[in-house]
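J.: Just the structure for this:
(chains A and B)
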Protein chains: 2
Amino acid sequence: MAEPDPIAELIRLLARLPGIGERSAGRLVFHLLAGDPGYTEALGGALEALHQRVKRCVECGNFGPGERCAVCQDPRREDDVICVVARVPDLHAIERSGSFRGRYHVLHRLLAPLDGVGPADLPLDALVERVRRHGTREVIVATPLNVEGEATALFVAQVLAAEGVSVSRIASGMPHGGELEFTDQVTLGRALSGRRSLG
Amino acid sequence: MAEPDPIAELIRLLARLPGIGERSAGRLVFHLLAGDPGYTEALGGALEALHQRVKRCVECGNFGPGERCAVCQDPRREDDVICVVARVPDLHAIERSGSFRGRYHVLHRLLAPLDGVGPADLPLDALVERVRRHGTREVIVATPLNVEGEATALFVAQVLAAEGVSVSRIASGMPHGGELEFTDQVTLGRALSGRRSLG
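T.: Prediction:
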């Protein structure tokens, strides 16, 4: 085959995506070659422009087309509660639940000393600054319920300790529809210790 | 959220790829946003240019960067045998097997009357023309062993009947390493009826 093979090059690039191996990358390329060139060009153009068109909100770190994201620009959101999340998809999940009307703060990473992510890598100065500026009443820490998420939550609480803001953690317990029989013991332990009075 | 959302647009485009749903498309986009912008741009550029950089060989229909593909340009290939395949990945599979040194003819589709693919949609005029021009000795039809592949193989043989070229079909039987116990009955039937003398 000739030197600069565009098919091999595209397969190599696609195979670097998570969940796509060499084989499925090959299938994708031949699927694209058999299909509408306009679609492939649109897909390529959208990818090429992605990082230029998607900016991190200067206020909260959420993604958006402009300097400030849609949530930060929305005057109907409550200003006195900030929900701290690890990643933008987590923010979307909370938005879909429809149970939060405040602002967000996206960390984009979690404390992970073994991977070289330390306290200075989290945008917590910005969080403290926002809390002071808005006189925030409560910060809800909605990082994931795993080791790194828990460690980060504790650290956020520590950083905010002197700010006179109440810091809370999302509840841990049985998921909706969960069967006790098939629930892991840590979750079950938390569901028991976090029990609430029905009286 | 604001009107032209580049994230939603890219998710929509990616979700049109086979095997990628809305959810995995979302995961891919956030994976890209968290990663190296240079990689995403390279991937986008390669996709955008794909149809421009990959041409169908005017001789055989194989993909390649130029007017004539690498196989057709290779002077060491035998000129008197042509292998007819349905798709370019099939050609690659045969190349990998290392058991064919002739030329190819890629149909890019199979007879499928229900999907509106009729005899006129197959590049068989070009095949006949090549057979005449090169005085081809044998045409091996390596379309898949399914209904459409078999129908197409019969049709290719019919078209070439008057050309004085021998037309053969790849063998059907047990795959290498196949266990009789787990082989479907059609395959087993073909393996029996196609038995070869060991004497």
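
J.: Determine how far the lowest-mean-pLDDT helix or strand in chain A lies from the middle of the whole chain.
T.: Least confident helix or strand, chain A: helix A:185-193 with a mean of 85, by mean pLDDT, DSSP states H and E. Helix A:185-193 sits 25 Å away from the centroid of its parent chain (C-alpha atoms, centre = their mean, to the nearest Å).

J.: Return the set of buried residues in it.
T.: Residues of helix A:185-193 classed as buried: A:T187, A:R190, A:A191 (neighbour count, 16 or more other C-beta atoms under 10 Å in any protein chain shown). Placement of C-beta: from N, CA and C, glycine included.

J.: tell me the contacts of the second one?
T.: So that's A:R190. A:S172, A:G173 (C-beta atoms under 8 Å, 6 or more residues apart in numbering or on different chains).

J.: A:L145 versus that one, what's the distance?
T.: 9 Å (C-beta to C-beta, to the nearest Å).

J.: overlap in contacts of these two?
T.: The contact sets of A:R190 and A:L145 overlap at A:S172 (C-beta under 8 Å, 6+ apart).

J.: Just the local confidence number for the most centrally placed residue in chain A, please.
T.: The centre of chain A sits closest to A:R87, judged by C-alpha atoms, centre = their mean, with a distance of 1.4 Å. At A:R87, the pLDDT value in this model is 95.

J.: Once you drop chain neighbours, what's closest to A:G102?
T.: A:V81 (3.3 Å; C-beta to C-beta, 6 or more residues apart in numbering or on different chains).

J.: wait, that neighbour sits on A:R137?
T.: Yes: with contact defined as C-beta atoms under 8 Å, A:V81 reaches A:R137; the gap is 6.4 Å.

J.: More neighbours: these two, which one.
T.: Remark: of A:V81 and A:R137, A:V81 carries more neighbours, 20 against 15, as counted by other C-beta atoms under 10 Å in any protein chain shown.

J.: Report the separation between the more buried one and chain B.
T.: 20 Å (C-beta to the nearest C-beta, to the nearest Å).

J.: Same check on A:L14?
T.: A:L14 is 7 Å from chain B, by C-beta to the nearest C-beta.

J.: now the helices for chain A?
T.: A:6-14, A:22-34, A:37-53, A:70-73, A:88-97, A:124-134, A:147-160, A:185-193 (DSSP state H).

J.: Is there a neighbour count for A:A46? I'd like the number.
T.: 22.

J.: how far away is it from A:M174?
T.: 40 Å.

J.: before we move on, what about A:L145?
T.: Where A:M174 is concerned, A:L145 sits at a distance of 12 Å (C-beta to C-beta).

J.: Would you mind measuring from the residue nearest to the centre of chain A to A:R132?
T.: 25 Å.

J.: What's the mean pLDDT across stretch A:53-71?
T.: 94.

J.: Ends of it, what's the gap?
T.: 17 Å (C-alpha to C-alpha, to the nearest Å).

J.: The nearest residue to A:G194 once chain neighbours are set aside: how many residues sit nearby?
T.: In space, and not counting its chain neighbours, A:G194 is closest to A:G173: 5.5 Å by C-beta to C-beta, 6+ apart. Counted with other C-beta under 10 Å, residues neighbouring A:G173 total 17.

J.: what comes into contact with stretch A:160-168?
T.: A:L127, A:V128, A:V131, A:R132, A:T136, A:R137, A:E138, A:V139, A:I140, A:V141, A:V156, A:A157.

J.: Now render the residues you listed as CSV, adding pLDDT.
T.: Converted to CSV, those look like this (pLDDT from 0 to 100):
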residue, pLDDT
A:L127, 97
A:V128, 97
A:V131, 97
A:R132, 96
A:T136, 96
A:R137, 94
A:E138, 95
A:V139, 95
A:I140, 95
A:V141, 94
A:V156, 96
A:A157, 95
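
J.: what would those look like in a markdown table with distance to chain B?
T.: Below are the contacts of stretch A:160-168 laid out as a markdown table (distance: C-beta to the nearest C-beta, whole Å):
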| residue | distance to chain B |
| --- | --- |
| A:L127 | 20 |
| A:V128 | 24 |
| A:V131 | 25 |
| A:R132 | 28 |
| A:T136 | 24 |
| A:R137 | 26 |
| A:E138 | 25 |
| A:V139 | 23 |
| A:I140 | 22 |
| A:V141 | 20 |
| A:V156 | 20 |
| A:A157 | 25 |
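
J.: Filter those residues down to the buried ones and express that as a PyMOL selection.
T.: Here is the PyMOL command that selects the buried residues among the contacts of stretch A:160-168 (16+ other C-beta under 10 Å):
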select buried, chain A and resi 127+128+131+136+139+140+141+156
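
J.: residue contacts, the residue lying closest to A:L10 once chain neighbours are set aside?
T.: Excluding the flanking residues, the one nearest A:L10 by C-beta to C-beta, 6+ apart is B:A46, at 4.6 Å. With contact set as C-beta under 8 Å, 6+ apart, B:A46 has these partners: A:P6, A:E9, A:L10, A:L13, A:G44.

J.: Sounds good, over and out.
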